[in-house]
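> Turn this into a structure:
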Amino acid sequence: MTERDANNVLNITIVDDYLNKRQIRTDPPSAYLKRFAEANPDIEKAMASHLIGPLEKSGNWADNYASFLQKRADLVSAELRKRVIARPIDQRGQVVRTDDVDEQTDD
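The predicted model follows:
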């Protein structure tokens, strides 16, 4: 996983710096979530409160980062749709931009 992937807003969840550096380290989600689930019988409820679906379906047990991001994006989007007040202008869609480009990095 790249640093950009790790810092994706959908990947930044309930983990603080201490937990990330001392408990998770470079372990895959399947390893650290197993430990966390053993210590917390309410882990599914805790994850749901952070818009992470059932662990069995989230991609985490299979260490599938792309699946995790997509499923979390779906849950975040659904929650946002519940909270946004739709207006007529929203029905027009988004203007297509051809001048919007990714930042260039010196890698």
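> Point out where this structure drops to low pLDDT.
Applying pLDDT under 70 to the predicted model, the residue ranges of the chain that meet it are 13-14, 101-107.
> what's in contact with whichever helix in it runs longest?
With secondary structure taken from DSSP state H, the chain has its longest helix at helix 65-83. Residues outside helix 65-83 that contact it (C-beta atoms under 8 Å, 6 or more residues apart in numbering) are 1, 5, 8, 10-11, 29, 51-53, 57-60. Where you see a C-beta, it was placed from the backbone N, CA and C, and this is true even at glycine.
> Buried residues in that helix, which are they?
Residues of helix 65-83 classed as buried: 65, 68-69, 71-72, 75 (neighbour count, 16 or more other C-beta atoms under 10 Å).
> Any chance of CSV for the residues you listed, columns distance to Gln23?
Converted to CSV, the buried residues of helix 65-83 look like this (distance: C-beta to C-beta, whole Å):
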residue, distance to Gln23
Tyr65, 19
Phe68, 18
Leu69, 22
Lys71, 23
Arg72, 21
Leu75, 24
